[in-house]
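>>> fold the following.
(one chain, ligands or ions: 2)
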Amino acid sequence: MISDSTGQTGLFGAADPDSGPHGASAANFDTAPAAQQRARIIVLGNEKGGSGKSTVAMHLVVGLLREGLKVGSIDVDSRQATLTRYLENRAQTMERLKLPLPLPDHRLVTRSKLAPSEAVADETQRFEAALGELVSGHDVVVIDTPGSDQTLSRVAHSYADTLVTPMNDSFIDLDLIAKVEPVTLKIICPSAYSAMVWDQKKVRAKRDGKSIDWLVLRNRLASVEARNKKNMTQALDALAKRFGFRQAAGLGDRVVFRELFLAGLTLLDLRERGIVTPLTMSHIAGRQEIRAILHAVGVREAPEPAPPPTAL
Ligand SMILES: Nc1ncnc2c1ncn2[C@@H]1O[C@H](COP(=O)(O)OP(=O)(O)OP(=O)(O)O)[C@@H](O)[C@H]1O
Ligand SMILES: [Mg+2]
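Ligands and ions are numbered 1, 2, ... in the order given. Here you go, the predicted structure:
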């Protein structure tokens, strides 16, 4: 497991040549020295499995590092541990290619082995300990959560400054956010996940009087299925007003987002010296999508609009 800080962009030198001016684009973040401020906490959450949480988490981590920010990361999905495995693969690639790449200061928080009556307190305490180690001295902490309702996920949500929920453009995914009337697409009632978010908003407000900024990303958007896309837009616009979330485009459905895991790389690394992968149009469009997400969470200036997803 990667359990401690191994360096940031500045330490490792070579920055992404087309990622914009480092530091300056982080203008929306508090500009106080990292040691004096509490890191901003970004949680990736959705109880729907396979919606893209870990993929977006990894790209956000690397995107934030390449913006010159000090980044901590926490994986509370210890069963799959996708973000942790992604970062381990990255460390191996760095070793194998003798290639310095930015890495976050990472923690994996495992589930409790204690009896159910003690597990909630144990998991909460261990999560808060990991977060406590990262919130001072970093600009931002990115937390990846499992696609199911668990204590660790709930506690992580309650600490979110920004909650990023990637969802596939499908009414099956939407069903975990709200029950929708099939003909009129009107909202009938909130579903399990939005009810959980609402509960954690109340926990957060009670703890420190602050609110959670909720951002829903439409992940794996295809260029086809125009009717489904339109219906999803209509339903999501209504939900956004009712549940108080913002919307942004997520990542297009691109093979490259699946391929890079084993090497621990992201699209933002592909111009690094020593990585011999020709940049295709799909890669360039994918990089724009990542920058748009960084903009949506408040890190970058708005990028040029990405070209529409291409079939791969
Ligand atoms: N934009 C994308 N284009 C293509 N494939 C994607 C994209 N986003 C995610 N995937 C693929 O979809 C699958 C699920 O993605 P990921 O593991 O990031 O989801 P998750 O929400 O973290 O899942 P879980 O709930 O199981 O933790 C993976 O195989 C991943 O490679
Ligand atoms: Mg995951």
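>>> V183 and ligand 1, how far apart?
V183 sits 30 Å away from ligand 1, going by Cβ to the nearest ligand atom, to the nearest Å. All C-beta atoms are positioned from the backbone trio N, CA, C, and that covers glycine.
>>> ignore what I typed, I meant S51.
Relative to ligand 1, and taking Cβ to the nearest ligand atom, S51 is found at 4 Å.
>>> going forward, the N-terminal residue is numbered 13.
Sure thing, new numbering starts at 13, so read that last one as S63.
>>> got the residues of the stretch 163-312 of the chain near ligand 1?
By Cβ under 6 Å from any ligand atom, the residues of the stretch 163-312 of the chain that approach ligand 1 are 231-232, 263, 265-266, 269-270.
>>> so where's this structure shaky on pLDDT?
The model of the chain has pLDDT under 70 over residues 13-48, 235-237, 312-324.
>>> residue most distant from the centroid, it?
V195 (32.8 Å; Cα atoms, centre = their mean).
>>> how about the helices in the stretch 213-324 of the chain?
For the stretch 213-324 of the chain, the helices defined by DSSP state H, counting those that start in this stretch occupy 238-255, 267-271, 293-308.
>>> next, the contact list for whichever residue of the stretch 163-312 of the chain sits closest to ligand 2, please.
Minimum separation of the stretch 163-312 of the chain from ligand 2 (Cβ to the ion) falls at P178, amounting to 10.0 Å. With contact taken as Cβ atoms under 8 Å, 6 or more residues apart in numbering, P178 is in contact with 56, 58, 63-65, 67-68, 228-231, 262-263.
>>> run the last query once more with 7 Å
58, 63-65, 68, 229, 231, 262 (Cβ atoms under 7 Å, 6 or more residues apart in numbering).
>>> now, which of these lie within strands?
229, 231 (DSSP state E).
>>> tabulate the contacts of P178 in TSV, adding columns for neighbour count and distance to S294.
Shown next, in TSV, are the contacts of P178 (neighbours: other Cβ atoms under 10 Å; distance: Cβ to Cβ, whole Å):
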residue	neighbour count	distance to S294
N58	27	25
S63	24	21
G64	24	17
K65	28	22
V68	26	17
L229	27	19
N231	26	16
G262	28	15
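>>> and ligand 2, which of the contacts of P178 reach it?
Among the contacts of P178, the ones lying near ligand 2 by Cβ under 5 Å from the ion are K65.
>>> as JSON lines, the contacts of P178 with distance to E107 would be great.
Output for these, formatted as JSON lines (distance: Cβ to Cβ, whole Å):
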{"residue": "N58", "distance to E107": "33"}
{"residue": "S63", "distance to E107": "32"}
{"residue": "G64", "distance to E107": "28"}
{"residue": "K65", "distance to E107": "27"}
{"residue": "V68", "distance to E107": "26"}
{"residue": "L229", "distance to E107": "32"}
{"residue": "N231", "distance to E107": "31"}
{"residue": "G262", "distance to E107": "31"}
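>>> quick check: phi and psi at the residue of the stretch 163-312 of the chain closest to ligand 2.
Backbone torsions of P178, given as degrees, to the nearest 10, read phi -80, psi 140.
>>> now the one 10 residues further on
Main-chain dihedrals, L188, degrees, to the nearest 10: phi -80, psi -10.
>>> what's near enough to touch it?
L188 neighbours (Cβ under 7 Å, 6+ apart): 59-60, 203-205.
>>> secondary structure, neighbour count and distance to L164 added to those, as TSV?
Output for the contacts of L188, formatted as TSV (DSSP: H, G, I helix; E, B strand; the rest coil; neighbours: other Cβ atoms under 10 Å; distance: Cβ to Cβ, whole Å):
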residue	secondary structure	neighbour count	distance to L164
E59	coil	21	13
K60	coil	22	17
S203	coil	17	21
A204	helix	13	17
Y205	helix	22	15
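>>> which of the residues you listed sits closest to A275?
Set against A275, the nearest of those by Cβ to Cβ is K60 (27.0 Å).
>>> grab the nearest non-local neighbour of the closest residue to ligand 1 within the stretch 113-262 of the chain.
Residue of the stretch 113-262 of the chain nearest ligand 1, by Cβ to the nearest ligand atom: G159 (2.4 Å). In space, and not counting its chain neighbours, G159 is closest to G61: 3.3 Å by Cβ to Cβ, 6 or more residues apart in numbering.
>>> where do the strands of the chain begin and end?
52-56, 83-87, 117-120, 152-156, 174-180, 190-192, 199-202, 225-231, 257-261.
>>> any idea how far L188 is from S160?
Per Cβ to Cβ, to the nearest Å, L188 is found 11 Å from S160.
>>> actually, M244.
Taken as Cβ to Cβ, the span from M244 to S160 is 23 Å.
>>> out of these two, which sits in the more crowded spot?
Taking neighbours as other Cβ atoms under 10 Å, M244 and S160 compare with M244 leading, 21 against 11.
>>> fine by me, thanks again.
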